[in-house]
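K.L.:
Quick check, what structure comes out for this input:
(one chain, ligands or ions: 1)
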Amino acid sequence: MELDTVSSSKPSGTAGGPAIDAVRAYWDAQVDNWKIATFTSGTPEFFQQVERYRFEKLEYLADVVDFTGFSGQQVLDVGCGLANDLSRFAAGGAEVTGVDIAPRAIQLAEANFAQRGLLGEFHVMDGERLDFPPESFDAVYCHTVLQFTPDPVRMIQGIHRVLKPGGLAILMMVNRRSWMNLLRHVMRVEVDHLDAPVYHRVTRAEFRQMLSVFRHVDVVPERFPVPTRVHRGLKALLFNAGFVTVFNALPRAWTRGSGHHLMAFCRK
Ligand SMILES: C[S@@+](CC[C@H](N)C(=O)[O-])C[C@H]1O[C@@H](n2cnc3c(N)ncnc32)[C@H](O)[C@@H]1O
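P.N.:
Here you go, the predicted model:
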């Protein structure tokens, strides 16, 4: 399948090749770099601030992901970043493993868990080449990662392989037909990480096709406009007071298909 890819260096299509090196280098530099952060990276205040920002911006996340529903189960987070989401699974009693291609992400994830007094296993690992035996995990989580990896289908197939039969994969991909992509073209608004080496966007039908290895798949568009705290000036005012208010006043049934994040709940 030909993916809609916005990228500064086109993926080579060869997993483990130059494209993945560029992805590792980009995220190694970005993982400390949060526009909203006023605390030093790696401090407890930093992790709390980033987590608060993330869960405010992605207000849907805590509603659709049952972070406390995996007690005693093995949960893997592919591309865990700072492991803020993984810390919620761990706090809910799951036995968690986080992997990320960026060594700095894994350093910060370990610090985050240590500061919160949580237990987890972490590895620097390419999520397109998961180095775990087949059927190792009850659940695999992968959020804000598939769009940034050179070969997302390969990552999905690896996730399917390491899931136990009946296990759940919770995955996310960017919707090509989202309100945010429209706004980007019309108002030239900034979208985070558009400068990443790889940035794929897909339609709902394409995402379903990528997930066809699973026995049962639900794809739900989420992530609707919330007021920006990062931007200032006239554009931000128009966005916050105008666009966000009007958009969210419309019946969700009309706007649902334009959710910026396609959340997939997949049973093996
Ligand atoms: C935007 S961050 C998201 C982090 C975390 N999942 C979250 O939602 O907060 C993207 C992460 O994906 C990681 N990543 C991208 N491609 C990867 C790959 N092939 N294997 C493992 N991690 C990858 C990056 O290193 C980065 O930490």
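
K.L.:
give me the low-pLDDT residue ranges for the chain?
P.N.:
Counting by pLDDT under 70, the chain shows low-confidence ranges at 1-3, 6-17, 230.

K.L.:
Which residue does it have closest to the ligand?
P.N.:
Of all residues in the chain, the one sitting closest to the ligand is residue 81 (2.5 Å; C-beta to the nearest ligand atom). (Each C-beta comes from the backbone N, C-alpha and C, glycine too.)

K.L.:
Tell me who's in contact with that residue.
P.N.:
Residues counted as contacts of residue 81 (C-beta atoms under 8 Å, 6 or more residues apart in numbering) are 31, 100, 105, 108, 109, 144.

K.L.:
Need the CA coordinates for the host helix or strand of the fifth one. CSV is fine.
P.N.:
Going back to what we said before, that points to residue 109. Residue 109 is part of helix 103-116 when elements are defined by DSSP states H and E. What follows is helix 103-116, C-alpha atoms only, in CSV (Å, rounded to 0.1, in the frame of the first residue of the first chain):
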residue,chain,number,x,y,z
PRO,A,103,18.4,5.7,23.8
ARG,A,104,17.5,9.0,25.5
ALA,A,105,13.9,8.1,25.6
ILE,A,106,14.7,4.9,27.5
GLN,A,107,17.0,6.8,29.9
LEU,A,108,14.1,9.2,30.7
ALA,A,109,11.5,6.4,30.9
GLU,A,110,13.7,4.6,33.5
ALA,A,111,14.1,7.9,35.5
ASN,A,112,10.4,8.5,35.3
PHE,A,113,9.6,5.1,36.7
ALA,A,114,12.3,5.3,39.4
GLN,A,115,10.9,8.6,40.6
ARG,A,116,7.4,7.3,40.7
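
K.L.:
which parts of it are buried?
P.N.:
Buried residues in helix 103-116, counted by 16 or more other C-beta atoms under 10 Å: 104, 105, 106, 107, 108, 109, 111, 112, 113, 116.

K.L.:
Need the residues that contact it.
P.N.:
Residues contacting helix 103-116 (C-beta under 8 Å, 6+ apart): 24, 27-29, 31-32, 41-42, 44, 47, 80-84, 86-87, 90-91, 98-100, 119-120, 122-124.

K.L.:
what are the ranges of the helices in the stretch 51-200 of the chain?
P.N.:
Counting by DSSP state H, counting those that start in this stretch, the stretch 51-200 of the chain has these helices, from start to end: 61-64, 84-91, 103-116, 152-162, 179-187.

K.L.:
would CSV of the ones you listed with distance to residue 74 be doable?
P.N.:
Compiled in CSV, the helices of the stretch 51-200 of the chain are given as follows (distance: least, C-beta to C-beta, whole Å):
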stretch, distance to residue 74
helix 61-64, 21
helix 84-91, 10
helix 103-116, 16
helix 152-162, 10
helix 179-187, 34
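
K.L.:
that older thread, for the contacts of residue 81, work out which two are farthest apart.
P.N.:
108 and 144 (15.4 Å; C-beta to C-beta).

K.L.:
For the strand with the most length in the chain, which strands pair with it and how are they oriented?
P.N.:
In terms of residue count, the longest strand belonging to the chain (DSSP state E) is strand 163-174. Sheet pairing of strand 163-174 (DSSP bridges) gives strand 137-142 (parallel), strand 261-267 (antiparallel).

K.L.:
is the helix holding residue 109 anywhere near the ligand?
P.N.:
Yes - remark: helix 103-116 sits within contact range of the ligand at residue 105, by C-beta under 6 Å from any ligand atom.

K.L.:
again, but for stretch 167-174
P.N.:
No - contact between stretch 167-174 and the ligand is absent, the nearest approach being 8.0 Å (criterion: C-beta under 6 Å from any ligand atom).

K.L.:
what residues does that stretch touch?
P.N.:
Stretch 167-174 has contacts (C-beta under 8 Å, 6+ apart) with 65, 135, 137-147, 152, 156, 159-160, 163, 199-202, 207, 210-211, 214, 260-268.

K.L.:
List buried residues within those.
P.N.:
Buried, going by 16+ other C-beta under 10 Å: 65, 137-147, 152, 156, 159-160, 163, 199-202, 207, 210-211, 214, 260-266, 268, out of the contacts of stretch 167-174.
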